[in-house]
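1. Pasted the sequence and its predicted model underneath.
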Amino acid sequence: MIHESLSIFQCTFDVFLSFRGVDTQKNFTDYLYTALIQAGIHTFRDDESIERGKNIKDEIEKKILDESKIFIAVFSKNYASSTWCLDELVKILEHKNSSQHYVLPVFYDADPTQVKNQAGGYAEAFYKHEESFKSEKDRLQRWRAALKQVADLGGMVLQVRYIIIIIIIIIIIYIYLYKLQFSHTNISFLIYMS
């Protein structure tokens, strides 16, 4: 139990950004990433944080499981069309369910109810996935369950200017990191005392 609690403090990254590059990389996610970096929050995004020559899938799984404290999943209209994003989301939520890690969903040009119920563009994406992954029904089910779970987490729906949302996200991250630091101090004290 203590090992699990302390592992979050050994993370390389404060934040792991999960997003569909085609939809958000050159707008909201780029602004968010820049703001996080400028605020001193060490942030991972897969387009520049993985060394050349490394296995991308293995490296991202390592960043999720071992190296990140907070996960921000940016849901966009085409997020569900990416099997990469869906697999990443499943890993993030599996890790969240077994640790102290925090997941913050941000709905950018995506309605949380459509994400949860796989309606609209998400329904279209799953129609195609069902055709392509007929023999992998378990994988499809994990994707659906992950989308339902993340939509219930209470995230942020982008309806205002980016800067306001980015400021709120940074504040949430600082509060969470502060709580972790406070929690870590108490854990360390208890370990020392015993």
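-> Received, thanks. Residues are numbered from 1 along each chain as shown.

2. okay, CA-based contacts and neighbour counts for the rest of this
-> OK.

3. Need the residues that contact the strand or helix carrying Cys85.
-> Taking DSSP states H and E as the definition, Cys85 sits inside helix 83-97. Contacts with helix 83-97, where a contact means CA atoms under 8 Å, 6 or more residues apart in numbering, come from 18-20, 61, 64-65, 71, 73, 79-80, 101-103, 142-143, 146-147, 150.

4. If you tally nearby residues, what's the number for the residue nearest to Asp66 when sequence neighbours are not counted?
-> Counting by CA to CA, 6 or more residues apart in numbering, the nearest residue to Asp66 once its immediate chain neighbours are dropped is Cys11, at 6.4 Å. Other residues lying near Cys11 total 17 when counted by other CA atoms under 10 Å.

5. For Cys11, give me phi and psi.
-> In terms of degrees, to the nearest 10, the main-chain angles of Cys11 are phi -70, psi 150.

6. so it makes contact with Ile64?
-> No. The criterion here is CA atoms under 8 Å, and Cys11 misses it with Ile64 at 9.8 Å.

7. what ranges of this structure fall below the confidence cut-off?
-> Along the chain, the model assigns pLDDT under 70 to residues 1-9, 25, 47-56, 63, 65, 159-163, 178-194.
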